[in-house]
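In: got a predicted model here, sequence first, then my questions.
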Amino acid sequence: MLIGILGSFLPVLPGPTVSWIGLLLLVLTRAVPNDWWFLGITLLVAVIVLALDYIIPAMGTKKFGGSKAGMFGTVVGLLVAIIFPILGVFGIIIWPFVGALIGELINKAESKTALKAAFGSFIGFLTGTFLKFMVTIIYLGLFISKTWEYKEALFPFFY
């Protein structure tokens, strides 16, 4: 669960998905009854958040006046940050910004408009990161709640 929370900020780890795996492992123990609805709903949320993590920066670019070229540049920048994590954590912030800026400049936007669109990409990134962090914190709460509910079966040596 803690690795999932870290994954909210690190580009190489899909935070909500890793947290969901923690929930899956808990439910697969003999102590906790199988709850397939719980796992299905939480998996669906993790997959939606994973998809939104790629969509939100592009939407931020468009909201701040960017064009399709800027949105495309944002997505390319995200992919560059994931495939080539040269700049580490900062790459996931810098590359979408640079991608949107280049996309807008190629689209013959003025530099002021291109910078505004790139800033939208950055705001989109922050929004996506916040969303992932909140989902992983909620999953941690669910994990703790399930653990507490079945504490006697999970930790029989204490009871």
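Out: Sure, I can see it. Here the structure is a predicted model, which is why all the values come from computation and not from measurement.
In: contacts, neighbours, all on C-alpha from now
Out: OK.
In: which positions within the longest helix along the chain qualify as buried?
Out: Assignment by DSSP state H gives helix 111-149 as the longest helix of the chain. Neighbour-count burial for helix 111-149, counted by 16 or more other CA atoms under 10 Å, picks out 113-129, 131-133, 135-137, 139-140, 143, 147.
In: repeat that for stretch 2-10.
Out: Using 16+ other CA under 10 Å as the test for burial, stretch 2-10 gives 3-10.
In: so where's this structure shaky on pLDDT?
Out: 11, 89 (pLDDT under 70).
In: and the helices in it?
Out: Secondary structure of the chain (DSSP H): helices located at 2-7, 15-27, 36-63, 68-83, 91-106, 111-149, 151-154.
In: list the contacts for Leu25?
Out: Not one residue lies near Leu25 by CA atoms under 8 Å, 6 or more residues apart in numbering.
In: so how far is Pro14 from it?
Out: Counting by CA to CA, to the nearest Å, the separation of Leu25 from Pro14 is 17 Å.
In: once you drop chain neighbours, what's closest to the residue nearest in space to the middle of the chain?
Out: In the chain, the C-alpha nearest the mean C-alpha coordinate belongs to Lys132, at 4.3 Å (CA atoms, centre = their mean). Among residues not flanking Lys132 along the chain, Ser8 sits closest, at 5.3 Å (CA to CA, 6 or more residues apart in numbering).
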